[in-house]
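**Student:** just the structure for this:
(chains A and B)
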Amino acid sequence: MPKVLVLFAHPRLEKSRSNRALLRHFPESEGITFRDLYELYPDFNVNIAAEQSMLLAHDVVVFHHPMYWYSAPPLVKQWIDLVLSFGWAYGPGGTALQGKTAFHVVTTGGPEAAYQLDGFHGSTLGEFLRPLQRTMTLCGMTWLAPFAVHGTHRKTDAELEAAGAQYARLLEGLASGDLRPEGLQSLALLNDAVPVP
Amino acid sequence: MSDFLLQAMVYLAAAVVCVPIAKKVGMGSVLGYLTAGIVIGPFLLGFIGEEGKDIMHFAEFGVVMMLFLVGLELEPEAFWRMRHRVLGVGTQQLVATALVCAAVGLALGLAPSTSLAIGLALAMSSTAIALQSLKEKGLMGTAAGQQSFAVLLFQDIAVIPILALLPLLATAPAVADGHGGSTLSHQPGWVQTLAVAAAVGVVVAAGRFVVVPALRVVAKTRLRELFTASALLIVVATALLMQKVGLSPALGTFLAGVVLATSEFKHELESDLDPFKGLLLGLFFMGVGASIDFRLIASQPGQIALLTLGVVAIKLAILLALGKRGGLSLDQNLVFSLGLSQVGEFAFVLFAFIAQLGLMDAAMTGTMLAVTALSMTLTPLLVLLHERVLRPRIGIAPAAARKADEVDEKHRVIIAGFSHFGSTVGRFLRANGVEATILDNDSDRVDLLRRMGFKVYYGDATRADLMHAAGATDAHILISAVDGLAETRGVIETAKKHFPHLRVLVRARHRFDAYELLDLGIKDIYRDHLDTSIRLGVDVLRHLGHRAHTAYRAGQQFREFDEAGLAKLAPLRHDMKDYISNVRELIALQEQLLASDRARDPGSADHAWDSEGLRNASK
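**Tutor:** Purely as a prediction, here's the structure:
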């Protein structure tokens, strides 16, 4: 059965209503590992060996974070720079991540309509994540579209709870093998893979 | 009046001329003052006559003050931990020295009672000389320093029973005076004991409940001289009280110092009294120098020389044996033994008292006084001999011969002081490929570190010649990691004067030391506890459920704020009231900062990643 690794990064979780709601639904399962990067590395001193062995022990890697200035929090970049090292993740002999799957779970303050070519931001979420996508595919990983919770500023508590339940179903589906990565590659957003409860 | 001015001028001029010369030649200030005393004394220039001894009585107050200051630096718990050593080594030194000297006296044909009395007097060492030179060289914290202090403290305690014992040896009745002359000496024993206990209780209680509140009131008057006066009053009043109940004033003020060691005025008291102590001790040493009766010595040079050397040899042998039993290394043992090998200032009092009791005739008293003064003069010379001749042979000084072939290994970094702080810095640098030259003046530690393969030199970074030998001319960075403020100052001053190109990074024990260092123009100050305590605080926040990164950032901000506050408060602290109100302001500011950090409202400077703030703002 596939193993799922969720790398969660939020510099101020205590101030994030939506991400706290998503984490409330986080499934307790042997096949799903939760790592809170800002709790583990408050000073950005990432333990490279520990992170690499975590990656080796899992099949699906999920980067869960809020979008801020059209990108991931700085610790995600620090984590990538240190952990995905030359000769291990890419380059000659760098095959450790070949065949694994990667995607992002993100929250955005703006509504879904803003992330359209003709929307307020003029680009889709997928386009904003392009550098991260190339990073993962360079390491030989299968890239999937993000699971997004849009418009968090205006969502009601009930809507957030529903998004949390949907997020949990996605993780459980991947861990049980009911959802297979190759079947999800054509989707524009992973939200479409699981019904809203 | 003009008489007084003339005397003052003579003393001050002699000190100003002789002490710098003595320091320059590498001898301590003690020898400088002694020489000054001899020069202006009745047998050379004759500026001062027989009043040398009176001056000495007055100047002995410097010793009292010194013990108060020593007490201030010793927190009650540290003092309590020392008690076994004080009783153990102290008793052994006193009893053994007194008995051996008495035996020699018997062999020379003196009466048993006289022999014993003289033996007891000779067993005393000079607190003034020993502590002054230990402090000057920054050796108080070493094993030798601790051992010396234990012995000296016990002697101070032992003075009272000795004064009580001496009249029992006498056949002619006499009345105690001066030091021993307590108003209670005619009371029965239990009254005296009770009075002593009460006096000690008064000192402890007054220190806790009267002195500190009173000092707060005085500090509010914003008159610096009034604070100095209060500091002097504490010492004088304690000394007087102790004299009244028949305890040694030095012991009493030492106790008062220990009681006040935990108060917030510790550093103010220290800096206010330090110059008085220095001047009075200087005066005392000059008095000793002036009182050496060269006419008497000239009339029987052989006998006095033999007696002096004999007494010093006996004291030295016993101290060496005690040091060895106490586990001191050879070098430390020599520091300890040579430092205490003289007959102390208290012997002057004891000999006068013994003579008064009719145990000694006038000629013999003169001889013994000469022996005492000479032995005091001998100490700095013996210490010098040890530092310059013996120590290089034991192999803990930078050997001049080896220096030449080490030129290519000269390091860019010099660490002065290799205690826990310095050694951590050293290990960190070494782990990152930076080898440093290390200077430390605890020879035990130097020995140990050498065996562990560190390149450590025995030495005092306040000495320009040693710094030169350590490669200061070619080095880039000097790390001052020595313990005390006085030492730190010394290191900085030497560096500024002789090696101005060095970038000096300085460790400070705490905020108050840091202020002093800021005054010296030092920018790179590292307080001992600052980072560690904040790190602990950050971990507490985490244990209480705060997010790790938030706690970490709060810690960083707090540290920055604290450093900024340090620079802001430094120039204000001379003004006590200002300082106190500013501390309050600082605490208030800190509270404000913390509160705003907790609230994190959108108006505050840092609200990155705060989606709730954004959400509220967009409503």
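**Student:** which one is B:Ser263 nearest to, not counting chain neighbours?
**Tutor:** B:Val212 (5.0 Å; Cβ to Cβ, 6 or more residues apart in numbering or on different chains). All C-beta spots, glycine's among them, are computed from the backbone N, C-alpha and C.
**Student:** list the contacts of that neighbour.
**Tutor:** Counting by Cβ atoms under 8 Å, 6 or more residues apart in numbering or on different chains, B:Val212 touches B:260, B:263-265.
**Student:** for chain B, what is the nearest residue in chain A?
**Tutor:** A:Pro42 (3.8 Å; Cβ to the nearest Cβ).
**Student:** right, and that residue touches B:Ala548 too?
**Tutor:** Yes - A:Pro42 is in contact with B:Ala548 according to Cβ atoms under 8 Å; the separation is 3.8 Å.
**Student:** shared neighbours of these two, which are they?
**Tutor:** Counting by Cβ under 8 Å, 6+ apart, A:Pro42 and B:Ala548 have no contacts in common.
**Student:** show me where the chain has strands.
**Tutor:** Because you didn't say which chain, this covers chain A. A:4-8, A:32-36, A:60-66, A:101-107, A:142-143, A:147-149 (DSSP state E).
**Student:** the intended chain is chain B.
**Tutor:** B:413-416, B:436-440, B:456-458, B:477-480, B:503-508, B:525-527.
**Student:** identify whichever of these lies nearest to A:Val60.
**Tutor:** A:Val60 sits nearest to strand B:525-527 of all the strands of chain B, at 47.2 Å, using Cβ to Cβ.
**Student:** which strands and helices lie in contact with that closest one?
**Tutor:** Judged by 3 or more Cβ pairs under 8 Å, 6 or more residues apart in numbering or on different chains; DSSP states H and E, strand B:525-527 is in contact with strand B:503-508, helix B:511-519.
**Student:** name the helices or strands packed onto the longest one?
**Tutor:** Taking 3+ Cβ pairs under 8 Å, 6+ apart as the contact definition, the neighbouring helices and strands of helix B:511-519 are helix B:485-498, strand B:503-508, strand B:525-527, helix B:548-569.
**Student:** need the ones you listed in CSV with distance to B:Leu169, mean neighbour count and mean pLDDT, can you?
**Tutor:** Below are the helices and strands packed on helix B:511-519 laid out as CSV (distance: least, Cβ to Cβ, whole Å; neighbours: other Cβ atoms under 10 Å in any protein chain shown; pLDDT from 0 to 100):
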stretch, distance to B:Leu169, mean neighbour count, mean pLDDT
helix B:485-498, 43, 20, 89
strand B:503-508, 53, 21, 94
strand B:525-527, 56, 20, 93
helix B:548-569, 60, 17, 85
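**Student:** for the residue nearest the centre of chain B, which non-adjacent residue is closest in space?
**Tutor:** With distances taken as Cα atoms, centre = their mean, the residue of chain B nearest its centroid is B:Lys135 (4.1 Å). In space, and not counting its chain neighbours, B:Lys135 is closest to B:Ala486: 7.4 Å by Cβ to Cβ, 6+ apart.
**Student:** isn't the one you found right next to B:Gly138, touching?
**Tutor:** Yes - with contact defined as Cβ under 8 Å, B:Ala486 and B:Gly138 form a contacting pair (7.5 Å).
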